[in-house]
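[1] test case, fold it:
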Amino acid sequence: QLELVESGGGLVQSGGSLRLSCAASDSRLDYYVLGWFRQAPGKDREGVSCIGVGDENTYYADFVKGRFTISRDKAKNTVYLQMNSLKPEDTAIYFCASCTWFTRAGTVLTEFGSGGQGTQVTVSS
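    Modelled structure (predicted):
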C-alpha cells in the first residue's frame, strides 16, 4: 500500500492560488495513476484531476479546466496540484489517492482509492 501525505492547503482570497503536494512514501509513486478528489461539507465527493503513469495523460473535471494543473516530480516522489483563479466553491478538503478515469455512455467517470488525511482549502469571497 502506497502511503500518501497531502499538504499545501490554506486560506486564500478569491482569485488567488495554492499548490497542493502529495508526497509518497517511496518511488513506487512512479507506477501509480494518481489524482486529487475533494470533499466539501454536505456535498458528494468530487474527482478533480488525475495523472497517468507516463504523465502524458491527464484528466480534469470541467469545473477546474483551465485553472488547475496536475504534475508529477518523480525525483521527489510527489504529485502536485497547482490551483489558480480559485473560487469560493473550490473550498473543500482535498485528498490525494490512486485514480482511474473512464468513459461510460459519453460521460467521464472517476474512481479513487482511499486518500490520506487531506488538506483543507478555504477560498474567501
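[2] burial of the closest residue to Leu18 other than its chain neighbours, as a residue count?
    What sits nearest to Leu18 in space, not counting adjacent residues and going by Cβ to Cβ, 6 or more residues apart in numbering, is Met83, at 5.0 Å. (Glycine included, C-beta is placed from N, CA and C.) Met83 has 26 neighbours, counted by other Cβ atoms under 10 Å.
[3] list the contacts of Met83.
    Under the criterion of Cβ atoms under 8 Å, 6 or more residues apart in numbering, the neighbours of Met83 are 17-20, 64, 67-68, 90, 121.
[4] pull out the buried members of the residues you listed.
    Using 16 or more other Cβ atoms under 10 Å as the burial test, the contacts of Met83 include 18, 20, 64, 68, 90, 121 as buried.
[5] just the ones of those in strands?
    Those of these mapping onto strands are 18, 20, 68, 121, per DSSP state E.
[6] quick check: the two most widely separated of these?
    The most widely separated members of these, counting by Cβ to Cβ, are Phe68 and Val121 (11.2 Å).
[7] just the element for the most centrally placed residue in the chain, please.
    Nearest to the mean C-alpha position of the chain, counting by Cα atoms, centre = their mean, stands Trp36 at 2.2 Å. For Trp36, the host element (DSSP states H and E) is strand 34-39.
[8] quick check, nearest of the ones in strands among the buried ones among the contacts of Met83 to Lys74?
    Nearest to Lys74 out of these is Leu20 (Cβ to Cβ; 17.5 Å).
[9] do I have it right that that closest one meets Gly8?
    Yes. Using Cβ atoms under 8 Å, Leu20 is in contact with Gly8, at 4.1 Å.
[10] mutual contacts of those two, please.
    Residues touching both Leu20 and Gly8 (Cβ under 8 Å, 6+ apart): Thr119.
[11] in terms of secondary structure, what does the longest strand seen in the chain contact?
    Counting residues, the longest strand in the chain under DSSP E turns out to be strand 92-104. On a contact count with 3 or more Cβ pairs under 8 Å, 6 or more residues apart in numbering; DSSP states H and E, strand 92-104 meets strand 4-7, strand 18-24, strand 34-39, strand 46-51, strand 107-112, strand 119-124.
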